[in-house]
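> sequence plus predicted model, see below.
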Amino acid sequence: MDEPGSLISVDNVSFRYGTDLVLDSISLDVRRGDFLALIGPNGSGKSTLVKCILGLLQPSQGTIRLMGQDIRDFTQWHKVGYIPQKATELDSLFPASVREIVAMGLLAGKKFPRFLGASDAKAVNDALELVGMETFTGRKIGAMSGGQQQRVFIARALASGPSALILDEPTAGVDASTQTQFYDMLDRINREKEITLVLVTHDISVVTKHVRQVACLNQNLIFHGSHEEFCSSMQATRLFGPDAHIVCHSH
Amino acid sequence: MEILQFGFMQRAILSGVLIGLTCSILGVFLILRRDAMIGHGLAHVTFGGVALGLFLNVSPLAAAMVVAVLCSIFIIKLRERTGVHGDTAIGIVSSAGMALGIVIASVSGKFSVELFSYLFGNILAIGTVEVQVAGALAVVVLLTVILNYNDLVFVTFDHELAKTSGIKVNRLDTVLAVLTAVTVVLAMKVVGLLLVAALIVIPAATGLQLAVNFRMAIILSCLTGVVSVLGGLFSAYYLDLPASGAIVLLATVFFLFAIAAAKFPGLAGER
């Protein structure tokens, strides 16, 4: 049974790639309005768990519910935005303008044939304004910097009016100052738009500065609690080794 | 204009333009999905289908259509269900199709000349019924692309992301492969099976060099494809060149110009 206010509910989920157990009996609730960091070392199963939540992989055991509905019956995909680790993989020749990329975010909420109209153009502009990219509408996505591309991908996810955004290592390959602006923008989206954020990251400094909830994964869920509890625990040292240096910021 | 007075030239222009358009549009999606070689593979399969049609004494076009469509679906399913890489699946199916054609031609021993005419194409010999069939099928392909345009762009951009938006990506993959199979069979009369992949790949590659958005890529690809077909036909008439070779060489020249234009900022637009 979901906890009240639970947006994403993972109940006793396990996943195997062939015979390799990647996720072992994970149970996790993400409540509406949370800003949760999903952290863990390489190969800990973070991206696998995200793919299970997005319906891209089928768990070998357990259930996942989105907005109270079993994921196998879930159809409101426009309510869940996904931002993959894209900036470093994008084909620079891909001939898509910023406007075309953001408009893709509107397709999930439409029925066949998914034509776009005048009201959709407004939704695209509004989403671009939210991420400060409204002057870039005609630019080719492949010609933009990694940080700009990720803002455009956030706008794509925001265009459909989602309740939650799931971001998988969104700042990989992005320079430090751009990362700071990027996380400030996520903070704003979380607080002002009340959009639930799930952030998969290796970057422990992000955890201490921006998020309110932390889940540590290493095949099992080894910690799930508030940012303050995480800072006062020894989980970071256990996960990232004795050299991990944490400076916690109060929110 | 003298060239337009002849019925054979009118038929060639009409069918060439329609098929050039379908090849150019599909080519943009296929290249960006790293599936450019599916046209080449399905051309080999079509060779087997034509041979089967001639052997069974049924319409080679119809037999080729059935074989190419079935093989296109098989390529997609092989990739989806066994994890075989796309190029490997194309390589296996296309080789098997070509082998089928060679074996049938050898066993029957009587229609090799007719079979080989399909390898090189002869758009100037296209008949009225073939123009009607080509026209109808080209309209079906174009309508299917128009109705699925936004989904196809999204799936082409990011397969996984499109899946998370609830788009039926496997179904679209199959639709695109079937449309490609139909187009390859239609195009075999225009440029022949040996060059059909060129009509799919070169105009699209030309458009992609210069486009700053998807719509522009498709428009530039279509322009290159149609102008190449028309230029090739005019060359065939006035210079007595083989139309198929002239069409592909002209498209290649446009591609080289596009590469040069892309090197100069301003000429190619904001990039």
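Yes, it's here.

> these two touch, right, residue A:83 and residue A:153?
Yes: with contact defined as C-beta atoms under 8 Å, residue A:83 counts as touching residue A:153 (4.9 Å). C-betas here are computed from N, CA, C, even on glycine.

> out of the two, which sits in the busier spot?
residue A:153 (27 against 22; other C-beta atoms under 10 Å in any protein chain shown).

> so that one sits in a helix?
Yes: the assignment for residue A:153 (DSSP: H, G, I helix; E, B strand; the rest coil) places it in a helix.

> wait, it sits on residue A:85?
No: look at residue A:153 against residue A:85 with C-beta under 8 Å: they stay out of range, at 10.1 Å.

> what do the two both touch?
The contact sets of residue A:153 and residue A:85 overlap at residue A:170 (C-beta atoms under 8 Å, 6 or more residues apart in numbering or on different chains).

> chain neighbours aside, what residue packs nearest to residue B:33?
residue B:156 (5.4 Å; C-beta to C-beta, 6 or more residues apart in numbering or on different chains).

> read off the pLDDT value for the one you found.
Note on residue B:156: pLDDT of 94.

> any idea which element it lies in?
Per DSSP states H and E: residue B:156 is located in helix B:149-157.

> before we move on, what about residue A:30?
Here residue A:30 is assigned to strand A:20-31, by DSSP H and E.

> list the contacts of the helix or strand following that strand.
Sequence order places strand A:35-39 as the next helix or strand after strand A:20-31, per DSSP H and E. Applying C-beta under 8 Å, 6+ apart, the contact partners of strand A:35-39 are A:30, A:46, A:49-50, A:186-187, A:190, A:196-202, A:204, A:206-207, A:210-217, A:239.

> now whichever helix or strand comes after strand A:35-39: average pLDDT?
Once the chain leaves strand A:35-39, the next helix or strand it forms, by DSSP H and E, is helix A:46-53. Per-residue pLDDT over helix A:46-53 has a mean of 94.

> ok, now stretch A:225-245?
70.

> also stretch A:133-145?
91.

> same thing with stretch B:35-48?
For stretch B:35-48, the mean confidence score works out to 92.

> that stretch near chain A anywhere?
No: using C-beta under 8 Å from any C-beta of the partner chain, stretch B:35-48 stays clear of chain A, coming no nearer than 12.9 Å.

> ok, now stretch B:160-168?
Yes: counting by C-beta under 8 Å from any C-beta, chain A has neighbours in stretch B:160-168: B:160-167.

> could you do stretch B:176-189 as well?
No: when contact is scored as C-beta under 8 Å from any C-beta, no part of stretch B:176-189 falls within range of chain A; the minimum is 15.6 Å.

> just the residues contacting the helix holding residue B:156, thanks.
Counting by C-beta under 8 Å, 6+ apart, A:94, A:96, A:100-101, A:103-104, A:107, A:114-116, B:29, B:32-33, B:145, B:161-162, B:165, B:167, B:169, B:172-173, B:176, B:214 sit against helix B:149-157.

> over to residue A:83: give its phi and psi.
Phi and psi for residue A:83, reported as degrees, to the nearest 10, are phi -120, psi 100.

> for the closest residue in space to it that isn't next to it in sequence, grab the count of nearby residues.
Closest residue in space to residue A:83, ignoring its immediate chain neighbours: residue A:167 at 4.5 Å, by C-beta to C-beta, 6+ apart. When neighbours are counted by other C-beta under 10 Å, residue A:167 registers 25.

> report the beta-bridge partners for residue A:167.
Following DSSP bridges, residue A:167 is listed with bridge partners residue A:83, residue A:199.

> shouldn't it be in contact with residue A:203?
No: under the criterion of C-beta under 8 Å, residue A:167 is not in contact with residue A:203, lying 11.7 Å apart.

> quick check, residue A:174 in a helix?
No: per three-state DSSP, residue A:174 lies outside any helix segment and is coil.

> need the contact list for it.
Residue A:174 touches A:87, A:146-147, A:150, A:182, counting by C-beta under 8 Å, 6+ apart.

> if we go to 6 Å?
A:146-147 (C-beta atoms under 6 Å, 6 or more residues apart in numbering or on different chains).

> quick check: pLDDT value at it.
At residue A:174, pLDDT is 74.

> quick check: the gap between it and residue B:112.
Distance, residue A:174 to residue B:112, using C-beta to C-beta, to the nearest Å: 61 Å.

> tell me which residues in the helix or strand harbouring residue B:182 are buried?
For residue B:182, the host element (DSSP H and E) is helix B:169-191. Using 16 or more other C-beta atoms under 10 Å in any protein chain shown as the test for burial, helix B:169-191 gives B:169, B:172-191.

> just the residues contacting whichever strand or helix holds residue B:203, thanks.
Secondary structure from DSSP H and E places residue B:203 in helix B:196-210. Helix B:196-210 is contacted from outside by A:93, A:95, B:23-24, B:27-28, B:31, B:36, B:39-40, B:43, B:184, B:187-188, B:191, B:217, B:220-221, B:224-225, B:248, B:251-252, B:254-255, B:258-259, B:262, B:268, using C-beta under 6 Å, 6+ apart.

> what's the answer for stretch A:75-92, then?
A:54, A:108-109, A:142, A:146, A:149-150, A:153-154, A:157, A:160, A:162-170, A:172-173, B:164-166.

> what average pLDDT does that stretch get?
Stretch A:75-92 comes out at a mean pLDDT of 81.

> CA atoms only for it, dumped as PDB, please.
The C-alpha trace of stretch A:75-92 is given here as PDB (Å, rounded to 0.1, in the frame of the first residue of the first chain):
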ATOM      1  CA  THR A  75      -0.600   5.700 -19.100                       C
ATOM      2  CA  GLN A  76      -0.100   9.200 -17.900                       C
ATOM      3  CA  TRP A  77       3.600   9.300 -19.000                       C
ATOM      4  CA  HIS A  78       3.300  13.100 -19.700                       C
ATOM      5  CA  LYS A  79       3.200  13.500 -15.800                       C
ATOM      6  CA  VAL A  80       6.700  11.900 -15.500                       C
ATOM      7  CA  GLY A  81       9.500  13.700 -17.200                       C
ATOM      8  CA  TYR A  82      12.800  11.900 -17.800                       C
ATOM      9  CA  ILE A  83      16.100  13.700 -18.500                       C
ATOM     10  CA  PRO A  84      18.800  11.100 -19.500                       C
ATOM     11  CA  GLN A  85      22.500  11.600 -19.500                       C
ATOM     12  CA  LYS A  86      22.400  13.000 -23.000                       C
ATOM     13  CA  ALA A  87      24.600  16.000 -23.500                       C
ATOM     14  CA  THR A  88      27.800  14.000 -24.000                       C
ATOM     15  CA  GLU A  89      26.100  11.500 -26.400                       C
ATOM     16  CA  LEU A  90      24.200  13.900 -28.700                       C
ATOM     17  CA  ASP A  91      25.000  13.600 -32.400                       C
ATOM     18  CA  SER A  92      26.100  17.100 -33.400                       C
END
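
> what distance separates it from the centre of its chain?
Remark: stretch A:75-92 is offset 9 Å from the chain centroid, using C-alpha atoms, centre = their mean, to the nearest Å.

> buried stuff in that stretch?
Buried-residue list, stretch A:75-92, by 16+ other C-beta under 10 Å: A:77-87, A:90.

> just flag the most distant two among those.
A:79 and A:90 (25.4 Å; C-beta to C-beta).

> residues in chain A within reach of chain B, list them.
A:54, A:77, A:82, A:93, A:95-97, A:100, A:104, A:107-108, A:113-114, A:140, A:143 (C-beta under 6 Å from any C-beta of the partner chain).

> stretch B:213-224 and chain A, any residue contact?
Yes: Stretch B:213-224 is in contact with chain A by C-beta under 6 Å from any C-beta, via B:213-214, B:217.

> tally of neighbours for residue B:58?
12.

> actually residue B:192, not the one I typed
Residue B:192 has 25 nearby residues by other C-beta under 10 Å.

> for residue B:106, same thing?
Counted with other C-beta under 10 Å, residue B:106 comes out at 10.

> now swap in residue A:21 and tell me
15.
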